[in-house]
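[1] let me see the structure of the following:
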Amino acid sequence: MTTFWIATFGLTLAVTALLVLALLRGRRDVSDGSAFDMQVYRDQMNEVDRDLGRGVLSPEDAERLRAEVGRRILNTDLKAQGAQADGQQPRVPGFVASALMIFVLIGGTFALYMQYGAPGYGDLALADRVDRAEIARAERPDQNEVEAQVPPSAPTEEVAEEYSELVTRLRAAVSERPNDLQGHILLARSEAALGNFTAAWRAQDRIVTLKRDAATATDFADLADMMVLAAGGYVSPEAEQAIEAALARDPENGVARYYMGLMLAQTGRPDAAFRLWDPLLRASQPGAPWVPPIRAQIQEMAMRAGVNYELPAETTAPRGPTVDDIEAAGEMSDEDRQQMIRGMVAGLSDRLATSGGTPEEWAQLIAALGVLGDEAQAIAIWNNALEVFDGQPDAIETVRYGARRAGIVP
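    This is a model prediction of the structure:
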């Protein structure tokens with residue numbers, strides 16, 4: 001490593017010295033050329049005197065030639081004086097330019113290397129880098145090892161005492177009934193809501209075990225998500241297995257595709273991560289949960305992969321009313337509130353009918369209709385969603401959550 005820095009500094013210094021030397025010598029001293037011309041003109045003046053003495057020239061011709069040669073001598077002298085003044089003036093700026101050149105070349109060279117190079121690493125061929133990435137992927141620590149090193153996260157919000165007691169009772173009930181699928185579903189969601197991601201992923205893992213072949217891509221994607229959160233953002237081999245299981249059931253699952261790219265980035269394959277994230281980002285709805293983290297990291301992945309990448313423009317999808325929106329309208333009069341809510345619901349309904357939308361948006365619409373008491377319309381939208389997402393069990397399960405909130409399905 002020391003040899004590399006010495007060689008690099010030596011080469012940079014040599015190139016800089018050559019450029020500085022050329023700059024300082026760039027203005028030639030024009031006095032040498034002027035002196036030569038002056039000597040020629042003096043010789044010509046002497047030649048005129050000799051020719052006059054030999055009788056070759058008449059006095060009139062000799063006088064005319066002396067005047068012409070004298071004029072040339074005067075012009076040459078004036079040019080020499082002007083060139084000398086011009087040549088002396090830039091010497092101080094020349095040194096300043098030299099100093100700037102030294103700073104830019106040496107400082108800039110090392111700054112660029114620190115930004116784009118890899119200090120401490122030798123030159124690696126692409127095949128060697130891929131091999132090292134595979135080794136890093138195979139030898140990375142497991143879930144339990146990383147979780148043991150992650151400091152416990154402090155709760156960001158105060159939890160209501162009643163809710164905390166309910167979760168405590170739920171834990172006790174689930175521990176007594178380890179095969180209670182619905183209990184584990186509630187426990188996984190509750191632990192995740194409290195930030196207890198280790199307990200959450202263990203409950204989710206039990207859900208996958210109980211469902212067996214009926215476990216969906218969303219089940220495995222949720223498991224991977226909870227594992228990554230429990231490990232502080234690290235994708236462990238166990239989380240990778242859950243990701244692969246999700247992608248085997250649904251290759252388009254956004255959560256699984258995001259985490260697969262994150263795992264590749266963490267194990268030395270930014271090129272593969274970029275190739276996975278770029279089409280996912282371009283095909284995703286603006287409100288998809290994986291869009292913000294991809295936008296925050298994909299430019300670095302592109303740079304590390306050697307890709308000249310321009311981040312797509314960020315767009316905002318029109319949003320339908322959430323239950324929070326509806327509850328926030330409580331201070332309005334009944335007539336104004338109903339009119340506002342129905343306008344928002346109508347806008348979302350029209351957009352889903354014309355251009356489609358995500359399962360989350362369909363669930364949002366059905367839940368909002370339930371709050372409005374429009375049970376018939378909620379049922380109609382639910383039946384329509386079953387047709388739209390036919391053959392996509394994960395999407396239907398997402399929409400079913402909204403239908404449950406509307407009270408139209410058990």
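
[2] tell me which other helices or strands the helix or strand harbouring Val228 touches.
    Using DSSP states H and E, Val228 sits within helix 217-230. Applying 3 or more C-beta pairs under 8 Å, 6 or more residues apart in numbering; DSSP states H and E, one finds that helix 217-230 contacts helix 143-149, helix 181-194, helix 197-211, helix 237-249, helix 254-266, helix 393-406. C-beta here means a position set from N, CA and C on the backbone, and glycine is covered the same way.

[3] next, format those helices as CSV and append mean pLDDT, mean neighbour count and distance to Arg275.
    Shown next, in CSV, are the helices and strands packed on helix 217-230 (pLDDT from 0 to 100; neighbours: other C-beta atoms under 10 Å; distance: least, C-beta to C-beta, whole Å):
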stretch, mean pLDDT, mean neighbour count, distance to Arg275
helix 143-149, 91, 14, 26
helix 181-194, 87, 18, 30
helix 197-211, 94, 20, 28
helix 237-249, 95, 20, 15
helix 254-266, 94, 24, 9
helix 393-406, 83, 20, 24
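
[4] wait, Gly183 sits on Leu170?
    Yes - Gly183 is within contact range of Leu170, at 6.9 Å (criterion: C-beta atoms under 8 Å).

[5] domain ranges for this structure, per the record?
    Domain assignment for the chain by automatic domain parsing gives 2-116, 141-150+160-305, 323-406.

[6] and the second one, how far apart are its ends?
    This points to domain 141-150+160-305. From its first residue to its last, domain 141-150+160-305 covers 25 Å (C-alpha to C-alpha, to the nearest Å).

[7] report the distance from the top helix by length along the chain to the chain centre.
    In terms of residue count, the longest helix belonging to the chain (DSSP state H) is helix 59-88. Remark: helix 59-88 is offset 69 Å from the chain centroid, using C-alpha atoms, centre = their mean, to the nearest Å.

[8] which strands and helices sit next to it?
    Using 3+ C-beta pairs under 8 Å, 6+ apart as the contact criterion, the elements in contact with helix 59-88 are helix 31-54.

[9] phi, psi for Tyr309 please.
    Backbone torsions for Tyr309, taken as degrees, to the nearest 10, come to phi -120, psi 140.

[10] okay, now the closest residue to it other than its chain neighbours: neighbour count?
    Beyond its immediate neighbours in the sequence, the residue positioned closest to Tyr309 (C-beta to C-beta, 6 or more residues apart in numbering) is Ala302, lying 3.4 Å away. Ala302 sits with 20 neighbouring residues when counted by other C-beta atoms under 10 Å.

[11] right, and Ala302 touches Ile294 too?
    No - here Ala302 does not reach Ile294: they are 11.5 Å apart, not a contact under C-beta under 8 Å.

[12] element containing the residue positioned nearest the centre of the chain?
    Taking C-alpha atoms, centre = their mean, the centroid of the chain lies closest to Gln299, which sits 2.7 Å from it. Assessed by DSSP H and E, Gln299 sits inside helix 291-305.

[13] residues contacting that helix, please?
    258, 261-262, 265, 270-271, 273-274, 277-278, 280-281, 284-285, 308-309, 311, 314 (C-beta atoms under 8 Å, 6 or more residues apart in numbering).

[14] ok, back up a step: and the residue nearest to Tyr309, what's its pLDDT?
    If you check Ala302, the pLDDT there is 91.

[15] same check, this time on Ala172
    Listed pLDDT for Ala172 reads 92.

[16] tell me how far it lies from Gly195.
    20 Å (C-beta to C-beta, to the nearest Å).

[17] show me which of those two is the more surrounded one.
    Comparing Ala172 with Gly195 by other C-beta under 10 Å, the one with more neighbours is Gly195, at 17 against 10.

[18] angles on the backbone of that one, please.
    When read as degrees, to the nearest 10, the backbone of Gly195 gives phi 90, psi 10.

[19] nearest spatial neighbour of Leu281, chain-adjacent residues omitted?
    That would be Ile294: by C-beta to C-beta, 6+ apart, it lies 5.0 Å from Leu281.

[20] how many residues are close by that neighbour?
    Ile294, neighbours per other C-beta under 10 Å, totals 23.

[21] kindly report the same for Thr218.
    Using other C-beta under 10 Å as the criterion, the residues surrounding Thr218 number 21.

[22] repeat for Asp350
    There are 10 residues near Asp350, going by other C-beta under 10 Å.

[23] ditto for Gly108
    Neighbourhood size, Gly108 [other C-beta under 10 Å]: 11.

[24] let's see the pLDDT reported for Tyr121.
    On the pLDDT scale, Tyr121 gets 55.

[25] ok, the one 5 residues further on next?
    At Leu126 the predicted local distance difference test score is 59.

[26] ok, Leu229 next?
    92.

[27] these two touch, right, Thr216 and Thr398?
    No - using C-beta under 8 Å, Thr216 is not in contact with Thr398; the gap is 10.1 Å.

[28] Leu57 and Arg66 touch, don't they?
    No - contact between Leu57 and Arg66 fails when scored by C-beta under 8 Å: they sit 10.2 Å apart.

[29] overlap in contacts, those two.
    Val48.
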